[in-house]
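[1] the sequence and its predicted three-dimensional model are supplied below.
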Amino acid sequence: MRRQYQIIGEQIGEQIDRDGYHPGDRLPTEREYAERFDVSRTVVREAFIMLELAGRVEVRKGSGTYVCRPDERPARPTAPSSPGPVEDIGPFELLKARQVVESAVAAAAAELVTPSDIRALSALLAQERQALETSTGGQELTNAPDQADQAFHLLIARATQNTLLEDAVLRLWEQRDRSHMWRRLHGRIMDFSYRRSWLADHDRILACLKKRDSAGAHDAMWAHIDHVMHTLFTHSDTDDPGFDGYLFTRGIESPSS
């Protein structure tokens, strides 16, 4: 199945060739392309990531997206070894799938969560908090917070006592880990300071699980992943001249602000 970002990316590539763009020329903004193709900016951003991985364009932080010179084009990434070809999924499409699935899973987990599950989840939050505190104030790149984050979500799935639901969540995270597009997008975020606000989301999810509040757990997980999407989208906005501003701020505004 051809994904929407692939279709838009191919159309942008065709326009680059047809409209006589030269290496080093700046392309229209994401917003302009979104209006031109009548799609969301997330789809355009995914299309740009696809073109970037293909070596057609270069994304410059705080400046925009430019046509690549032939000698600047990066080598196409090789897919991780697997039984067959891995189709990359757009990072925002993947997050939306996680939002739908994991919110329902959190609701189911709230009905069946055990005291040992609560203890394990609490320990994971303490581990995630410690990983952030030992990452040089959030400035040092480390995989520890990400690993604790993933373990927290997978343990919630395990608390449903349903192996199919647990497997569904695991497969979504595995897809993320294999995704070249996810790594390219996430690589534009230079530190882990933004994870502090996500940790507060985890606290709210756990509080709902402790109360066996199924509806609350669903809404808390939905809000959390919505927060993740908003943060990644806002802080990877290459059209914004203040792109690197997050490096000098302590907090992150909420999606509703």
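    Received, thanks.
[2] before we move on, which element is the residue lying closest to A120 once chain neighbours are set aside in?
    Closest residue in space to A120, ignoring its immediate chain neighbours: L155 at 5.7 Å, by CB to CB, 6 or more residues apart in numbering. To be clear about C-beta, it is placed using only N, CA and C from the backbone, and glycine gets the same treatment. If you go by DSSP states H and E, L155 is part of helix 144-158.
[3] neighbouring contacts of that helix?
    Helix 144-158 has contacts (CB atoms under 8 Å, 6 or more residues apart in numbering) with 102, 105-106, 109, 117, 120-121, 124-125, 127-128, 131-132, 134-135, 165-166, 168-170, 173, 192, 195, 198, 202, 205, 209, 221.
[4] distance-wise, check E10 relative to R56.
    Using CB to CB, to the nearest Å, E10 is found at 10 Å from R56.
[5] Y66 belongs to a helix?
    No - assigned with DSSP: H, G, I helix; E, B strand; the rest coil, Y66 falls outside any helix and is strand.
[6] residues contacting it?
    Y66 neighbours (CB under 8 Å, 6+ apart): G24, D25, R26, L27, V57, E58, R60.
[7] did I read that right, the first one in a strand?
    No - applying three-state DSSP, one finds G24 to be coil, outside a strand.
[8] grab the nearest non-local neighbour of it.
    Residue nearest to G24 in three dimensions, not counting chain neighbours: Y66, with 6.0 Å by CB to CB, 6+ apart.
[9] in the sheet, who's paired with that neighbour?
    R26, E58 (DSSP bridges).
[10] measure it to E58 for me?
    For Y66, the distance to E58 - CB to CB - is 5 Å.
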